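**Q** One predicted model, sequence on top.
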Amino acid sequence: MWILETVAVAFGMYSALPVPRIEWNEKNMRCALAVFPLVGAALGLAWWGACALCDFLALPALLRGAVLCALSALVTGGIHLDGYADTSDALASHASPERKREILRDAHCGAFAVIRLCVYFVAYFALCCAFEPTGAALWCVGLGFVLSRALSGLALTVLPVAEGSSLARTFADKADKKRTGAILAAVTGACIAGLYLHGGRTVFFVEVCVLLVTAIHYADTARREFGGLSGDLAGWFLVKTEFWMLAALVITPYLGRLR
């Protein structure tokens with residue numbers, strides 16, 4: 001029963017999908033981060049279903065792109081985009097780490113957040129329109145959704161959390177870090193292997209490079225700019241990771257044409 005409660009906690013926190021309301025306690029939060037990647041699997045299934053429906057209705061790529069672009073926000077409820085917006089505001093302030101953490105806690109949406117969100121949605125919509133929904137490509141996208149969440153959760157088990165980050169600290173402190181870290185590391189390895197099997201060597205190489213650069217940049221930014229991780233930073237990282245992994249998947253086939 002506690003396993004189902006743990007899944008309900010993860011989906012209730014990190015998605016807009018309907019789940020039973022569960023009272024959080026030490027037992028069902030112990031491995032909540034470990035099942036966080038299941039939200040990515042649900043999003044991957046939503047992409048597969050949407051592409052199948054668009055293909056059945058013979059909808060143009062423009063409409064299919066709009067559906068796919070909206071799905072991420074609809075399935076997750078926009079929780080990660082909220083973190084992306086808050087972090088964009090904080091980084092644009094060029095203030096001290098203490099002041100940046102205050103901006104993260106501010107409920108208001110600043111001008112830089114709005115600008116970054118507009119740019120993000122325009123670019124993400126374009127990538128979704130250019131995306132070719134073959135079986136291999138859908139596998140890679142789905143694995144990307146799972147992988148980004150596995151890495152996000154794994155970071156909370158190994159990297160320090162910034163002062164005042166109550167929600168991230170709650171999940172990090174309640175987690176069985178050794179078990180959760182092992183599960184998320186195994187999920188990460190399985191997803192990377194899946195990318196190689198379904199994407200081929202070129203896509204695999206580009207995707208792994210994107211992951212490494214994004215993860216290193218995330219850890220460095222969190223330490224240098226904020227003094228540690230936070231829930232908003234985790235959302236910022238997840239949004240950037242999914243964006244650049246999709247960009248790599250869409251753009252990689254064009255690289256061979258440059259020869």
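**A** Perfect, I can see it now.

**Q** Return the helix or strand hosting residue 27 as PDB; C-alpha atoms alone will do.
**A** Assigned by DSSP states H and E, residue 27 belongs to helix 26-29. These are the backbone C-alpha positions of helix 26-29, laid out as PDB (Å, rounded to 0.1, in the frame of the first residue of the first chain):
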ATOM      1  CA  GLU A  26       7.800   9.900   6.400                       C
ATOM      2  CA  LYS A  27       6.900   6.500   4.900                       C
ATOM      3  CA  ASN A  28       5.300   7.500   1.700                       C
ATOM      4  CA  MET A  29       7.900  10.300   1.000                       C
END
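
**Q** In it, which residues are buried?
**A** Residues 28-29 are the ones in helix 26-29 that count as buried (16 or more other Cβ atoms under 10 Å). Bear in mind the C-beta positions are built from the backbone N, C-alpha and C, glycine included.

**Q** hey, where'd the helices end up in this structure?
**A** Applying DSSP state H to the chain gives helices spanning 2-14, 26-29, 37-57, 61-76, 79-93, 97-105, 111-130, 135-158, 166-174, 177-221, 231-255.

**Q** same for the second one, what does it pack against?
**A** Same thing as helix 26-29. If you count contacts as 3 or more Cβ pairs under 8 Å, 6 or more residues apart in numbering; DSSP states H and E, helix 26-29 packs onto helix 2-14, helix 166-174.

**Q** Which of those helices has the lowest mean pLDDT?
**A** Mean pLDDT values for the helices and strands packed on helix 26-29 show the minimum at helix 166-174, a mean of 62.

**Q** number of nearby residues for residue 228?
**A** By other Cβ atoms under 10 Å, 18 other residues sit near residue 228.

**Q** for residue 17, same thing?
**A** For residue 17, the count of nearby residues is 15 (other Cβ under 10 Å).

**Q** swap in residue 35?
**A** With other Cβ under 10 Å as criterion, residue 35 counts 23.

**Q** roughly how far apart are it and residue 80?
**A** The gap separating residue 35 from residue 80 is 17 Å, by Cβ to Cβ, to the nearest Å.

**Q** what stretches of the stretch 51-200 of the chain score poorly on pLDDT?
**A** The model of the stretch 51-200 of the chain has pLDDT under 70 over residues 164-176.

**Q** try 80 this time
**A** Scanning the stretch 51-200 of the chain with the threshold set as pLDDT under 80 gives 162-177.

**Q** Do you know the pLDDT at residue 40?
**A** At residue 40, pLDDT is 95.

**Q** Identify the residue nearest it in space, chain neighbours excluded?
**A** Of all residues not flanking residue 40 in the chain, residue 145 sits nearest, at 3.5 Å (Cβ to Cβ, 6 or more residues apart in numbering).

**Q** circling back to that earlier point, residue 20: which of the helices of the chain is closest?
**A** Closest to residue 20 of the helices of the chain, according to Cβ to Cβ: helix 2-14, at 5.5 Å.

**Q** Need the residues that contact the closest one.
**A** Identification of contacts with helix 2-14 by Cβ atoms under 8 Å, 6 or more residues apart in numbering yields 17, 19-22, 24, 27-36, 38-39, 42, 76, 79-80, 149.

**Q** list the contacts for residue 184?
**A** 33-34, 37, 150-151, 153-154, 157 are the contacts of residue 184 under Cβ under 8 Å, 6+ apart.
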